[in-house]
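Engineer: here is the input, now give the coordinates:
(one chain, ligands or ions: 1)
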Amino acid sequence: MTDRLIDLPEWGALCSHYDELRDVELRTLFSGDPRRGETMAAEAAGLYLDYSKNRLTSETIRLLVALAEKCGLRQRIESMFSGEKINTTEDRAVLHTALRARADADVRVEGHNVVPDVHAELDRMATFATRVRDGVWRGATGEPIRFVVNIGIGGSDLGPAMATEALRAYSLDSIESFFVSNIDGADFTDVADQIEAERTLFVICSKTFGTLETLTNARTARSWLVSQLGDEAAVSKHFVAVSTNREKVSAFGIDPDNMFGFWDWVGGRYSLPSAVGLSLMLSIGADAFREMLAGFRDMDDHFREAPFERNLPVLLGLIGLWYNNFHGFETMAVLPYCQELSRFGDYLQQLDMESNGKRVSLSGAEIEWQSGPIVWGQPGTNGQHAFYQLLHQGTKIVPADFIGFSRPNHDLLEHHDLLMANMLAQAGALAFGRTSDELRAAGVGGALAPHRTFPGNRPSNVILGEELTPRSLGSLVALYEHKVFVQGSLWQVNSFDQWGVELGKELAGRIAGEVSGNPDDSLEHDSSTNRLIARYKRGRRSQ
Ligand code: F6P
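Structural biologist: Prediction:
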């Protein structure tokens, strides 16, 4: 599909529809259809999506689905699942779905079925994780491993960090997990203060094994370990690597036998179900990890097979597009009412913003429509006491996804009922607000009335699962992976490259040589950067 998105008749039909619907209130839509809350819902892979509190009608969905069909979304989905090289700027297939394919599936990259490779690597991870967890794998001094420190950044950190936190109810008590990502030395020293070298396993996680932050932290970790244990040879018992780059792992000094691999057709931000999940597997065990993969697969199957009108990732993607491109809402909030999902917003930020934060189409032409939204959020109820004021009464409209579960992973059921009551109340308050008439009826009027009315008509989705388990987490992550894919497909961008992070890396490499160099060296940046470097050097503490 190479037509300009905004020239399509289906796009034009949505523009006209938007003009008719723009001022319609959610209150009116609900009173006009008493069954709206039942009909505007879909369910798959253990997740129930209520999208009734959105500023749309069944006609909107019909028109959005027609646009998706016209944009060739079905074909795009098949192209991705079947291993076509849809990451055109890197000339790669996009096959994170193969990471959770059944063992008897056949998914080909350049004629080679990759599924047996995926399962062989999973088996190696499982064997290793079981040895560590059972205390069979021991450190150089004979101690079993207690502390697992994942060193990685971006996709090599956010996925396993988010999931390890999310599944802490499933973690082994005798393993404590840590994540070091920032090149800020405070990140490593903070973790080093909490661990003992004799009982620590470092998992150096980097797809390229060339990322400055990760290699700097890994070198510091190695020096720290060797100085603590006084033995260079100890490295082989305390360091493993996760990467696609065997040569660089070897050059770093990690035995390739202690390396777990994946493939260039797995994007960093889509890599949680690959060996990048090793630190998670060390925490929750191989069986729970496989359960998580089954959850991913449940959503993959649904995404590939379900009609678009009932397809959860398609619905989320199209509703997001409706707000992003027609209403002009620029951000979206992710609001999990689940403390264990406290890192889910961070994870989604990379998944969505690194994937769809693009300004040119697949052909390289500048696009003339909005692409990816700004994604942000915090778990409820904390957010209610921070930024919800703006969500309810501010001048900006922020569509929100609420995520909650019927059963908690703890026994404080009273807390859980209150938590969920808050989630449901917030979605209702945003949608329906409080009018001045209602306020008057409650005895509030006069000068305070404008301050205490809530305009409402603020849209949200509610995603409700039964319980946060490895399986439901897998389904939830796959739901958002595919949502991002749906949107990127319609916006005609490549959701699988990330050239936008390169310029800053390159400039930092140049400035790194200058900040530690001779104070009298002349600098050839802009006047602001020159001045800031000079000032930094004057205040800098040398080694
Ligand atoms: O920030 C850019 C990026 O390439 C991400 O896409 C990636 O997840 C992260 O850096 C880490 O890369 P690597 O796993 O190669 O160290």
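Engineer: what about the protein, any weak spots by pLDDT?
Structural biologist: Along the chain, segments meeting pLDDT under 70 span 1-2, 543.
Engineer: up against the ligand, what does it have?
Structural biologist: 153-156, 206-208, 211, 214, 268-269, 354, 498, 501 (Cβ under 6 Å from any ligand atom). (Glycine included, C-beta is placed from N, CA and C.)
Engineer: buried members of those residues into ChimeraX, please.
Structural biologist: Buried members of those, defined by 16 or more other Cβ atoms under 10 Å, are picked up in ChimeraX with:
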select :153,154,155,156,206,207,211,214,268,269,354,498
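Engineer: so of the residues of the chain next to the ligand, which ones are in helices?
Structural biologist: Among these, the ones falling in helices (DSSP state H) are residue 214.
Engineer: from the residues of the chain next to the ligand, pick the one nearest residue 376.
Structural biologist: residue 354 (14.2 Å; Cβ to Cβ).
Engineer: residue 498 is in contact with the closest one, correct?
Structural biologist: Yes - in terms of Cβ atoms under 8 Å, residue 354 counts as a neighbour of residue 498; the distance is 5.1 Å.
Engineer: tabulate the residues of the chain next to the ligand (a markdown table), appending distance to residue 246.
Structural biologist: Below are the residues of the chain next to the ligand laid out as a markdown table (distance: Cβ to Cβ, whole Å):
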| residue | distance to residue 246 |
| --- | --- |
| 153 | 20 |
| 154 | 21 |
| 155 | 19 |
| 156 | 16 |
| 206 | 12 |
| 207 | 12 |
| 208 | 12 |
| 211 | 16 |
| 214 | 16 |
| 268 | 17 |
| 269 | 22 |
| 354 | 25 |
| 498 | 23 |
| 501 | 24 |
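Engineer: the stretch 351-500 of the chain: strands as residue ranges?
Structural biologist: 374-376, 400-407, 460-467 (DSSP state E, counting those that start in this stretch).
Engineer: buried ones in the first one?
Structural biologist: Taking 16+ other Cβ under 10 Å as the basis for neighbour counts, the residues of strand 374-376 that come out buried are 375-376.
Engineer: please apply the same query to the second one.
Structural biologist: Applying a neighbour-count criterion of 16+ other Cβ under 10 Å, the buried positions in strand 400-407 are 400-405.
Engineer: could you give the angle of it to strand 460-467?
Structural biologist: 20 degrees (axes from the mean of the first three to the mean of the last three Cα atoms, to 10 degrees).
Engineer: got the phi and psi for residue 204?
Structural biologist: phi -90, psi 110 (degrees, to the nearest 10).
Engineer: what about residue 140, how many neighbours?
Structural biologist: 16 (other Cβ atoms under 10 Å).
Engineer: whoops, I mixed them up, residue 216
Structural biologist: 14.
Engineer: which SS state does it fall under?
Structural biologist: What DSSP: H, G, I helix; E, B strand; the rest coil gives for residue 216 is helix.
Engineer: in space, what's closest to it - neighbours in sequence excluded?
Structural biologist: residue 183 (5.6 Å; Cβ to Cβ, 6 or more residues apart in numbering).
Engineer: residue 388 now?
Structural biologist: residue 426 (6.9 Å).
Engineer: now do the contacts for the one you found.
Structural biologist: 335, 380, 384, 388, 402 (Cβ atoms under 8 Å, 6 or more residues apart in numbering).
Engineer: identify the bridge partners of the first one.
Structural biologist: The one in question is residue 335. residue 402 (DSSP bridges).
Engineer: what is the neighbour count of the closest residue to residue 262 other than its chain neighbours?
Structural biologist: Distances taken as Cβ to Cβ, 6+ apart place residue 274 nearest to residue 262, at 4.0 Å, with adjacent residues excluded. The tally of other residues near residue 274 (other Cβ under 10 Å) stands at 27.
Engineer: and if you look at residue 538?
Structural biologist: Neighbours around residue 538, by other Cβ under 10 Å: 8.
Engineer: so it is in which element?
Structural biologist: helix 527-539 (DSSP states H and E).
Engineer: which residues touch that helix?
Structural biologist: Contacts of helix 527-539 (Cβ under 8 Å, 6+ apart): 511, 514-515, 519, 523-525.
Engineer: quick one, strands of the stretch 1-150 of the chain?
Structural biologist: Counting by DSSP E, counting those that start in this stretch, the strands of the stretch 1-150 of the chain are 41-44, 47-50, 108-109, 112-113, 147-151.
Engineer: just name the most buried of these.
Structural biologist: Mean neighbour count (mean count of other Cβ atoms under 10 Å) peaks for strand 147-151 among the strands of the stretch 1-150 of the chain, with a mean of 25.
Engineer: quick one: it to chain centroid distance?
Structural biologist: 20 Å (Cα atoms, centre = their mean, to the nearest Å).
Engineer: sheet partners, orientation included, of it?
Structural biologist: strand 176-180 (parallel), strand 200-205 (parallel).
Engineer: does the residue nearest to residue 216 count as helix, strand or coil?
Structural biologist: Residue 183 is classified as coil under three-state DSSP.
Engineer: how near is it to the ligand?
Structural biologist: 12 Å (Cβ to the nearest ligand atom, to the nearest Å).
Engineer: likewise for residue 4?
Structural biologist: 29 Å.
Engineer: quick one, what contacts that residue?
Structural biologist: residue 368.
Engineer: around the nearest residue to residue 146 once chain neighbours are set aside, how many other residues sit close by?
Structural biologist: Spatial nearest neighbour of residue 146, chain neighbours left out: residue 199 (4.1 Å); criterion: Cβ to Cβ, 6+ apart. The local packing of residue 199 (other Cβ under 10 Å) involves 18 other residues.
Engineer: ok, now residue 82?
Structural biologist: So residue 82, with other Cβ under 10 Å, has 16 neighbours.
Engineer: check this structure for its longest helix and report it.
Structural biologist: Max-length helix for the chain by DSSP H is helix 470-491.
Engineer: for that helix, packing partners?
Structural biologist: Contacts defined by 3 or more Cβ pairs under 8 Å, 6 or more residues apart in numbering; DSSP states H and E place helix 470-491 against strand 47-50, helix 58-70, helix 73-81, helix 158-166, helix 286-305, helix 312-321, helix 355-356, strand 460-467.
Engineer: can you do 7 Å?
Structural biologist: Packed against helix 470-491 by the contact rule (3 or more Cβ pairs under 7 Å, 6 or more residues apart in numbering; DSSP states H and E) you find strand 47-50, helix 73-81, helix 286-305, helix 312-321, helix 355-356.
Engineer: out of those, which is the most enclosed?
Structural biologist: helix 312-321 (a mean of 25).
Engineer: which strands and helices lie in contact with it?
Structural biologist: Using 3+ Cβ pairs under 7 Å, 6+ apart, helix 312-321 is in contact with strand 41-44, strand 47-50, helix 58-70, helix 470-491.
Engineer: contacts for the third one, please.
Structural biologist: The reference is to helix 58-70. Residues from elsewhere that reach helix 58-70 (Cβ atoms under 7 Å, 6 or more residues apart in numbering): 8, 10-11, 13-14, 17, 21, 308-309, 314, 318, 322, 490.
Engineer: from the residues you listed, pick the one nearest the ligand.
Structural biologist: Proximity of the contacts of helix 58-70 to the ligand (Cβ to the nearest ligand atom) peaks at residue 490, which lies at 22.3 Å.
Engineer: ok, now which ones touch the closest one?
Structural biologist: 5, 67-68, 71, 321.
Engineer: residue 458 now?
Structural biologist: 391, 397, 430-431 are the contacts of residue 458 under Cβ under 7 Å, 6+ apart.
Engineer: 6 Å - rerun?
Structural biologist: 397, 430 (Cβ atoms under 6 Å, 6 or more residues apart in numbering).
Engineer: now residue 240
Structural biologist: Residue 240 neighbours (Cβ under 6 Å, 6+ apart): 203, 258.
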